[in-house]
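S.K.: Return atomic coordinates for the entry below.
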Amino acid sequence: MKDKKHHFELDFSVRDYECDLQGIVNNAEYLHYLEHTRHEFLKSIGLDFFALHKQGIDAVVTRLEIDYKFPLKSGDLFVVTLDLKKKGRLRYIFIQNIYSQPEQREILCARVICTCLYNGRPVVSEKIDRAAAHFLANE
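M.R.: Alright, predicted model coming up:
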C-alpha cells in the first residue's frame with residue numbers, strides 16, 4: 001500500500017472458481033490468500049515452509065481473527081499485506097490486510113498467531129528469528 005510501508009506485499013486477482021453462488025469470493029478462499037502470502041514472505045527472507053517441515057520445524061496457526069469488510073468478485077485485483085511481530089518467545093503474530101486495487105479499499109483485516117513446533121513440541125525457532133530479525137527488531 002502506498003500510504004504505509006509493510007514488511008511484505010503480494011498481488012493477486014480473483015479467479016472465477018473462488019466465487020460462490022452469490023458471485024463473491026467464498027470466505028474460506030481468503031484463508032488461502034493469507035496463507036500463500038505468509039509462505040511467500042518466508043521465501044523472501046530465505047526460508048522455505050516445506051524445507052522447514054522436512055527438518056522437523058512446523059509453523060502452525062494457533063489463532064486466527066478475521067474482520068471481513070467488503071467482498072471481492074471475479075476478476076478483482078487486490079494486494080495482501082503482511083507485518084510480522086513476536087509476542088513472548090514462542091508466538092509470531094502476522095498482521096495481514098487485503099486491499100482492492102487500484103481503489104485501496106480495505107477488504108479484510110486479519111491477525112494470525114503462529115507457534116513453531118519441533119517434532120510436535122512448541123519451541124523457539126532460531127532459524128525464523130534470525131531470518132526475520134530485521135522485521136522483529138523494528139516493531
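S.K.: tally of neighbours for the closest residue to Asp20 other than its chain neighbours?
M.R.: Nearest non-adjacent residue to Asp20, counting by Cβ to Cβ, 6 or more residues apart in numbering: Asn26, 4.5 Å away. (C-beta placed from N, C-alpha, C; glycine too.) Neighbourhood size, Asn26 [other Cβ atoms under 10 Å]: 15.
S.K.: For the longest helix that the chain contains, C-alpha coordinates in CSV please.
M.R.: Using DSSP state H to define each element, the chain has its longest helix at helix 27-44. Provided in CSV are the C-alpha atoms of helix 27-44 (Å, rounded to 0.1, in the frame of the first residue of the first chain):
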residue,chain,number,x,y,z
ASN,A,27,-15.0,-16.7,2.8
ALA,A,28,-12.6,-19.8,3.0
GLU,A,29,-10.7,-18.5,-0.1
TYR,A,30,-9.4,-15.6,1.9
LEU,A,31,-7.6,-18.0,4.2
HIS,A,32,-5.7,-19.3,1.1
TYR,A,33,-4.7,-15.8,0.1
LEU,A,34,-3.4,-15.1,3.6
GLU,A,35,-1.5,-18.4,3.9
HIS,A,36,0.0,-18.1,0.5
THR,A,37,1.3,-14.6,1.4
ARG,A,38,2.8,-15.9,4.6
HIS,A,39,4.6,-18.7,2.7
GLU,A,40,5.9,-16.2,0.1
PHE,A,41,7.1,-13.9,2.8
LEU,A,42,9.1,-16.8,4.3
LYS,A,43,10.7,-17.4,0.9
SER,A,44,11.5,-13.7,0.6
